[in-house]
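Q: pasting the structure only:
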């Protein structure tokens, strides 16, 4: 008995199917090119970075009263207290919000919502915006405390997170993948470390 | 073209000369698929990949961030550990917590005596998250039907009513020692309700205590200080197996050849089975347990009567008492040569006041254990050791008669004199001798309430389970030594609806009408709850008040003093140092009762398992999977037999044998154990829990009930037994392949005798040089990490193994996993038997462990972990560059890059790389997989059920299936130190000792030193430059970063 093969390539019908599948594959994987950049989720409370951290714009009214049309210019570290001390910058606990909001803006919609959470002793489940994979151990403090030879801070919040205070919602403004990290690490003025275990352990 | 299903043509017969095409036809008339096999798979593969990617891969997973509502002040530093000082059992410890979760039990370096926790204290953190704990009080109803949840209110009502009604007929059975305040609670409780307190402990050493009392009266028994003893003679000694009060650290201190030179410690061990202590001995003499006392008395006769040394010679009747034990007589009976006794006597005489003679708790538990202990005391007294090598201040409380008390309690119960029985910590239905028939006696009580944390063997025969909190969740105090007390402080609020047993006892007493401090503490706690406290903690108030009143009386600010104690974890009130009275001649009567007799038949020794001890932590995967340091068996018990007897019976490891003793017969898997006396069998205790939980139940056999009680104490050694072969084999999960090391062919462990070390400090470190390397050298700027392990100090206890497992999120793989050789521990302690030098070498025959090598073995321990080689063979073979060298000399393993080719593990000469064959740490709810591969279900049971993942260290990745892992030198701790240095403006400058890996921190004997080898002032470069340092496998030119320092044996 003899086994033979008439043809070894793909048949005509199979070709069309393969092309279809390839297209499907490309469509499916298109998002993978950069899944993080541009991510801008809604939060359980409409926290407005523009209002909190943006530049104040004082306008003098007709009767000479001053109103602020801009933000309140609160520094990042007022809320993100651990940014120069630990791995995580820290999302503020509700009592930090209440430092001001027990007095300020008490009748605003979202402040009422915040108060509701606070009074019920219920934590707010914020949606994580800048989410690195679990095998990445990024360290905020290492970046914030990195000093150049002239004693200047090498990296600031803006360099990675963008100008958060210009938008209402926080949006991922950079690629936040390994290539992007290393692009910075091997700059002459940065000279960040290169060992894998710096981030992966 | 649609066709009617009934109308289709009949299938043509297949023409085999044509290409075979699989035609799939559809009954609904759809067109048949014409695809060959390859094409089908090609398309199916592409389609499934596309679907998988399109549906899951690229969606951004939404992860919540949940900050505190009101951040507590002590949690100001997110992502940083907080430490709480506490005491676990009597081991002082610092509990490392992250975000409020205890994740690691570390030693308390400030403690004067015990700086490192033992295995069980370290594993306590796993018990805390044990998913098999009861989550709230239960109505157990003596196992008639399933336990039903019951509210605390209902239970409290029942209990307080019963306490009021049954005044005078109440008993509390406990195994907790506790500190002064705990003892006081029990005293007050007993006073208030006329209750009887019964202290029991399954492994307590009655005969040692009785012998001590008969020798010296009611004075505290001092503990030996091994750092002061140049010579230690042990009779069944176990001080390295179960060290008390820092004995292991002291012992290691004497074993440092650089520091001690000629006065290096020497250990001579008489024993029947190979214990960890015996494995560390410089000279080991095999002896039946029943001859242990004879051997000690032979030495006593030789020293006192023949050499006339010490004050004992003038004691009344001493000549008649010791006369039968003349060296020649004992030598004839025991088979140990007379000259051996004489030589040891010589040595002891030379080291008067510089030696320690000691027995072990298992050896003294035999029927004539009192004679052994008396002989030991007599020897120490004669040699003048008592004030010199024994710490008069350190002592163990003189306690004995636990079984007798249990017997009394059983009798009282049977006589109907006890109506209410409270059980706290004790588990007599697991660990009491069956002859007491305690289960039947317990039935007689009207109300039995257990304070266990689960429905264990005893609790299931109770009416109610008043679920107790874990020690890491509750308040209390503890005693470590005379005048040295510790606080038990919680590091987490109770995970479930539980309360500390002390809290419950105080509350119930107060509610049932007790007055005095019990009521005060209860009231203070309630007031505190009204103010701000979240948990009702009367024990806290009791301990605080008691300590303030007794210990801080002279202090101006008692509140501050209490806070200081909480921070430190212990208080030292200073012990009294009363000199010992003279040896009482009346004690010799014990010796006269002991008759020298020929050894007959087999003797069984039931010794506490190294990791499990009394089995109370029997549901702990880390302890169950901990390989015994000697047999290297995990996940089960075994019967250790002498190789000669084992071979004669034609057994294989794991073959079942039937051991009959004390009228019962047990089938145990046999194990060919080197160094066993031919007529001794040994089996571990602590296994065979029937109601421990899903992890530890029905693992091995429980031999506790089979033990016989003689003179009111259980006999665990010298039990006469018979042995015969049984059918069947129970595979033993042995964690090591080879046993014997031929150091001529494979110089893996540096060993030297003291004389050769003194002649040449580098002796024993000889290696074949490796020659030129073809690989370029790695450049390091300021830091290269390295480690030294001093084998002279290492006792093989295995504390480092559990510390590593806890720190690095290492999964438990279960018995099946160990049998398949898939254990995951990054650190292991290899145990080798040193093959003596033989003319012409051993060749490969040594791997068969010939009897002449393993009958009288010289044991070597070698902690083995990733060597972080300079020319790492794993790095050169990884096709994905997932393992490579870092600038500071670490061999890095990148999990996200690893695809699991396992080339690296195959190329690793040290076999330290571990592969994740499964997703050990992933809950697998998929029923199909659970049915198909039962192991998967078991892995989830062992690692991720319930709250178990809360134990994980957030600084270390939890590895997934298909990746390789290995020791990282605790890189997370290095990174932490680097971050700290940078924050403090020390760019890249780390101080020596700033980075301490988990193994080093847990090592009681300070054998492990880690640091920067490029810093010439660092500790590790000092030890690394020692002539004893040897890097193994030099011939392969891998250049490890770990150097082993020679084990110097003090051989004569």
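A: Good, I have the coordinates. A quick note: this is a predicted structure, and the numbers were derived from the prediction, not measured.
Q: let me see the mean pLDDT of stretch B:582-593.
A: Across stretch B:582-593, pLDDT averages out at 90.
Q: and that stretch, what's buried?
A: Residues B:583, B:587-588, B:590-591 are the ones in stretch B:582-593 that count as buried (16 or more other CB atoms under 10 Å in any protein chain shown). Any C-beta I mention is one placed from the backbone N, CA and C, and that applies to glycine too.
Q: for stretch A:69-80, same thing?
A: Within stretch A:69-80, the residues that count as buried by 16+ other CB under 10 Å are A:71, A:76, A:79-80.
Q: ok, now stretch B:565-578?
A: Quick answer for stretch B:565-578 (16+ other CB under 10 Å): B:565, B:568-571, B:575.
Q: same check, this time on stretch B:309-326
A: Across stretch B:309-326, burial judged by 16+ other CB under 10 Å covers B:309-310, B:312, B:315, B:318, B:321-322, B:324-326.
Q: what packs against the lengthiest helix in chain A?
A: The residue-count maximum for a helix in chain A (DSSP state H) belongs to helix A:12-29. Helices and strands touching helix A:12-29, by 3 or more CB pairs under 8 Å, 6 or more residues apart in numbering or on different chains; DSSP states H and E, are helix B:37-52.
Q: pLDDT on the helix it packs on, on average?
A: Taken as a whole, helix B:37-52 has an average pLDDT of 63.
Q: same question, stretch B:1007-1014
A: The pLDDT scores in stretch B:1007-1014 average 95.
Q: now stretch B:512-528
A: Average pLDDT, stretch B:512-528: 93.
Q: just the strands in the stretch 651-800 of chain B please.
A: Ranges of strands within the stretch 651-800 of chain B are B:655-661, B:664-672, B:680-685, B:708-710, B:713-715, B:719-729, B:733-734, B:740-741, B:751-753, B:785-790, based on DSSP state E, counting those that start in this stretch.
Q: which of these sits closest to residue A:101?
A: Distance to residue A:101, taken as CB to CB, is lowest for strand B:785-790 among the strands of the stretch 651-800 of chain B, at 48.7 Å.
Q: next one: that closest one to chain centre, how far?
A: With CA atoms, centre = their mean, to the nearest Å as the basis, strand B:785-790 stands 24 Å off its chain's centre.
Q: can you check stretch B:515-525 too?
A: 38 Å.
Q: now stretch B:349-367
A: Chain-centre distance of stretch B:349-367: 24 Å, with CA atoms, centre = their mean.
Q: got it, and stretch A:166-173?
A: 8 Å.
Q: circling back to that earlier point, least confident pick among the buried residues of stretch B:309-326?
A: Among those, residue B:315 has the lowest pLDDT, at 84.
Q: wait, isn't it in contact with residue B:589?
A: No - Residue B:315 is not in contact with residue B:589 according to CB atoms under 8 Å; the separation is 11.7 Å.
Q: what's the per-residue pLDDT of residue B:74 here?
A: Listed pLDDT for residue B:74 reads 74.
Q: which residues touch it?
A: Residues in contact with residue B:74 (CB atoms under 8 Å, 6 or more residues apart in numbering or on different chains) are residue B:82.
Q: contact partners for residue B:762?
A: Neighbours of residue B:762 in contact, by CB under 8 Å, 6+ apart: B:1027-1028.
Q: distance check, it against chain A.
A: According to CB to the nearest CB, to the nearest Å, residue B:762 and chain A sit 34 Å apart.
Q: what segments of chain A are strands?
A: For chain A, applying DSSP state E gives strands covering A:58-60, A:66-68, A:126-127.
Q: got the phi and psi for the residue nearest the centre of chain A?
A: Central residue of chain A (CA atoms, centre = their mean): residue A:130, 3.2 Å from the mean position. The phi/psi pair for residue A:130 (degrees, to the nearest 10) reads phi -90, psi 90.
Q: per-residue confidence at it?
A: At residue A:130, the predicted lDDT confidence score is 90.
Q: these two touch, right, it and residue A:157?
A: No - taking contacts as CB under 8 Å, residue A:130 lies outside contact range of residue A:157: 11.3 Å.
Q: once you drop chain neighbours, what's closest to residue B:842?
A: Nearest non-adjacent residue to residue B:842, counting by CB to CB, 6 or more residues apart in numbering or on different chains: residue B:742, 4.6 Å away.
Q: distance of that neighbour relative to residue B:833?
A: Plainly put, residue B:742 is 10 Å away from residue B:833 if you go by CB to CB, to the nearest Å.
Q: common neighbours of the two, please.
A: Residues touching both residue B:742 and residue B:833 (CB under 8 Å, 6+ apart): there are none.
Q: check contacts around residue 121.
A: Defaulting to chain A. Here residue A:121 is in contact with B:69-70 (CB under 8 Å, 6+ apart).
Q: should've been chain B
A: Contacts of residue B:121 by CB under 8 Å, 6+ apart are B:88-89, B:91, B:93, B:105.
Q: residue B:710 now?
A: residue B:367.
Q: who does it bridge with?
A: Applying DSSP bridges to residue B:710 gives these bridge partners: residue B:713.
Q: where does pLDDT dip in chain A?
A: Within chain A, the ranges that satisfy pLDDT under 70 run A:1-11, A:28-35.
Q: that one: helices as residue ranges?
A: Using DSSP H, the helices found in chain A span residues A:12-29, A:49-53, A:76-79, A:94-101, A:109-119, A:140-144, A:157-161, A:178-185.
Q: try the stretch 351-500 of chain B
A: With helices called from DSSP state H, counting those that start in this stretch, the stretch 351-500 of chain B shows them at B:369-382, B:386-389, B:402-414, B:428-431, B:438-442.
Q: identify the residue of the stretch 151-300 of chain B closest to chain A, quick one.
A: Of all residues in the stretch 151-300 of chain B, residue B:152 sits closest to chain A, at 22.4 Å by CB to the nearest CB.
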